[in-house]
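**Student:** Show me how the following folds:
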Amino acid sequence: MFANSTPTGFNPYVENEISDIADVTGKSNSFFSGDSFTKRLAKANYANANNGVAENIALTLYFSSLGNLVAPDIAAMAMTKSLLAAPYHLRALMLPNSNLIGTGISAYKPFNREASKYQGYVLVTHAAATPAAKNNSVKGIFTYPCQDVSATVTALYNESPNPVKGTGRDLRTDPIGQPIYINMPSAQTIKVSNVKFYNVQRKTKVEVALLDFYQDPYKGTNYQLAATEAFILPLTDNLKSCEQGSNKGGNCGLYGNSNYQVSFDVLVDNKTLITKDFTFSTGEVSY
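**Tutor:** Numbers count the residues shown, from 1 in each chain. A predicted model of the protein is given here:
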């Protein structure tokens, strides 16, 4: 796809035909096996298709004027961490009953670009539950990041669906930092409160927003959050977190190579209050 065309209006999750590049899209693509993930699973006769499945895709393009291109393992790690910084992709990667995961990375030379200076990668990861795991319920609260997770990305510049829909925030110019995913599958409902997000080195508080079932911009859609899920979104508007020499301006999300302490209360089923706290660290500044 990306090696043979310049995609326009292309959704990588849906292998639809695109009118101006119809010769390499839809059924004209030699790899076509169905225009949706569901249809591709059905055609493959995948045995676990009805037990819960998820698909995540990341794309990156590297340029080097000297031809020093990034190796596949480095690209795979970077794309995985980017998926883990995007709330809805992070959520799909953390499905508690998914006990089967497969991930692959493909390299390509971008269409109409100098091959010696450009390298593209696509990473696809699939997760599924088996019949034995489908109804498993994780006990207690789990989060991502959690204690001692390191080298997270510092900023989210784009995601579809948009996690800040309706707020007027443009992630391209005002990114959020690494989100905190909270889930308690064994509960009926959770309510997160008293959130504190703290930069340990600088001894400063980070403003946050809460995204949960009660203020969900995607209620009634496939992206709707369960009443047992929530995200803490660090708002980084006032941070001058870009490193010297960057052309991004001042805001690059959280500060790079920094420790952050997070604490919050969780009211479980409107009767039990649990306090959680942990520390994680960011990696290099994400541009």
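**Student:** Low-confidence ranges, the chain, go.
**Tutor:** 245-248 (pLDDT under 70).
**Student:** What ranges does it have for its helices?
**Tutor:** 37-43, 72-83, 87-93 (DSSP state H).
**Student:** Which strands or helices does the second one pack on?
**Tutor:** This points to helix 72-83. For helix 72-83, the elements it packs on are strand 53-63, helix 87-93, strand 100-108, strand 118-128, judged by 3 or more C-beta pairs under 8 Å, 6 or more residues apart in numbering; DSSP states H and E. In short, each C-beta sits where N, CA and C put it, glycine included.
**Student:** Turn those into a markdown table, columns for distance to Thr279.
**Tutor:** Listed next are the helices and strands packed on helix 72-83 as a markdown table, based on distance: least, C-beta to C-beta, whole Å:
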| stretch | distance to Thr279 |
| --- | --- |
| strand 53-63 | 26 |
| helix 87-93 | 19 |
| strand 100-108 | 27 |
| strand 118-128 | 27 |
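**Student:** so what's the residue nearest to Phe278 when sequence neighbours are not counted up against?
**Tutor:** The shortest distance from Phe278 to any residue other than its chain neighbours is 4.1 Å, reached at Gln147 (C-beta to C-beta, 6 or more residues apart in numbering). Gln147 sits next to 278-280 when contact means C-beta atoms under 8 Å, 6 or more residues apart in numbering.
**Student:** The closest residue to Asp35 other than its chain neighbours and His89, how far apart?
**Tutor:** Once flanking residues are discounted, Asp35 sits nearest to Glu15: 5.0 Å by C-beta to C-beta, 6+ apart. Applying C-beta to C-beta, to the nearest Å, the value for Glu15 to His89 is 19 Å.
**Student:** now swap in Ala107 and tell me
**Tutor:** For Ala107 relative to His89 (C-beta to C-beta), the value is 21 Å.
**Student:** So for those two, which sits in the more crowded spot?
**Tutor:** Neighbour count, other C-beta atoms under 10 Å: between Ala107 and His89, His89 has more, with 22 against 13.
**Student:** pretty sure the more buried one contacts Asn56?
**Tutor:** Yes - under the criterion of C-beta atoms under 8 Å, His89 lies in contact with Asn56, with a separation of 5.1 Å.
**Student:** overlap in contacts of those two?
**Tutor:** With C-beta under 8 Å, 6+ apart as the test, His89 and Asn56 both reach Leu83.
**Student:** can you give me the strands in the stretch 101-250 of the chain?
**Tutor:** Assigned by DSSP state E, counting those that start in this stretch, the stretch 101-250 of the chain shows strands spanning 118-128, 142-144, 180-183, 190-199, 204-205, 208-212, 229-234.
**Student:** can you list the ones you listed in CSV and add distance to Val24 and mean neighbour count?
**Tutor:** What follows is the strands of the stretch 101-250 of the chain, written out as CSV (distance: least, C-beta to C-beta, whole Å; neighbours: other C-beta atoms under 10 Å):
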stretch, distance to Val24, mean neighbour count
strand 118-128, 15, 20
strand 142-144, 37, 18
strand 180-183, 36, 23
strand 190-199, 45, 17
strand 204-205, 50, 11
strand 208-212, 37, 19
strand 229-234, 37, 24
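**Student:** Tell me which of those lies nearest to Asn97.
**Tutor:** The minimum distance between Asn97 and the strands of the stretch 101-250 of the chain falls on strand 118-128, with 9.3 Å, by C-beta to C-beta.
**Student:** In PDB, please show the C-alpha coordinates belonging to the closest one.
**Tutor:** Coordinates of each C-alpha in strand 118-128 appear next as PDB, following Å, rounded to 0.1, in the frame of the first residue of the first chain:
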ATOM      1  CA  TYR A 118      13.800   6.800   3.800                       C
ATOM      2  CA  GLN A 119      12.500   3.800   5.600                       C
ATOM      3  CA  GLY A 120       9.000   3.000   6.600                       C
ATOM      4  CA  TYR A 121       7.600   0.400   9.000                       C
ATOM      5  CA  VAL A 122       4.200  -0.900   9.800                       C
ATOM      6  CA  LEU A 123       3.500  -2.700  13.100                       C
ATOM      7  CA  VAL A 124       0.300  -4.800  13.500                       C
ATOM      8  CA  THR A 125      -0.600  -6.500  16.800                       C
ATOM      9  CA  HIS A 126      -3.600  -8.800  17.400                       C
ATOM     10  CA  ALA A 127      -5.000 -10.000  20.700                       C
ATOM     11  CA  ALA A 128      -7.700 -12.600  21.300                       C
END
